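Asks: next come a sequence and a model predicted from it.
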Amino acid sequence: MAREQFKTLTEQMYYILLSLIEERHGYGIMQNISELTKGRVVVGAGTLYALLSRFEKEKIIVQVKELERKKIYKLTDKGYRLLKDEYLRLNQLISDGKAYFGGDSND
């Protein structure tokens, strides 16, 4: 079920999982996404915690510890495979687009 449900990820899902390659708490995830995307992608607290809950339920992420009421999460092996599959899918889209746009992404 999770495979079909998460066959393609939203931008927010992708960046949350990408952030969780390293252990992070919720606010740290939001900060990392903002830094990584230079503010282009914003994940609000409601969206973040709803997705973290779904990911945890599907065993895509796991809570590894709790420090001062901050839950620290990381990707599971299943989550890493899901993220890697999405990365490869996105790269295929870029590769396919090059047939029409060439190698210059500034046009």
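Replies: Alright, I've got the coordinates. Numbering: from 1, shown residues only.

Asks: just give the number of residues close to residue 39.
Replies: By the criterion of other Cβ atoms under 10 Å, residue 39 has 9 neighbours. From N, CA and C alone the C-beta is placed, and that goes for glycine too.

Asks: quick one, what contacts it?
Replies: Under the criterion of Cβ atoms under 8 Å, 6 or more residues apart in numbering, residue 39 has no neighbours.

Asks: tell me which helix or strand comes right after the lowest-mean-pLDDT helix or strand in the chain.
Replies: For the chain, counting by mean pLDDT, DSSP states H and E, helix 2-5 ranks last in confidence among helices and strands (a mean of 56). Toward the C-terminal end, the helix or strand that comes next after helix 2-5 (DSSP states H and E) is helix 11-19.

Asks: please work out the average pLDDT along that following helix.
Replies: The average pLDDT within helix 11-19 is 97.

Asks: elements contacting whatever helix or strand comes next after it?
Replies: With elements assigned by DSSP H and E, the helix or strand that comes after helix 11-19 is strand 24-25. Contacting strand 24-25 under the criterion 3 or more Cβ pairs under 8 Å, 6 or more residues apart in numbering; DSSP states H and E are the following elements: strand 70-75.

Asks: using PDB, list the CA coordinates for the strand it packs on.
Replies: Extracted C-alpha coordinates of strand 70-75, given in PDB (Å, rounded to 0.1, in the frame of the first residue of the first chain):
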ATOM      1  CA  LYS A  70      11.900  17.300  20.700                       C
ATOM      2  CA  LYS A  71      11.400  14.100  18.700                       C
ATOM      3  CA  ILE A  72      14.400  13.200  16.600                       C
ATOM      4  CA  TYR A  73      13.700  11.200  13.400                       C
ATOM      5  CA  LYS A  74      15.700   9.500  10.700                       C
ATOM      6  CA  LEU A  75      15.000   7.500   7.500                       C
END
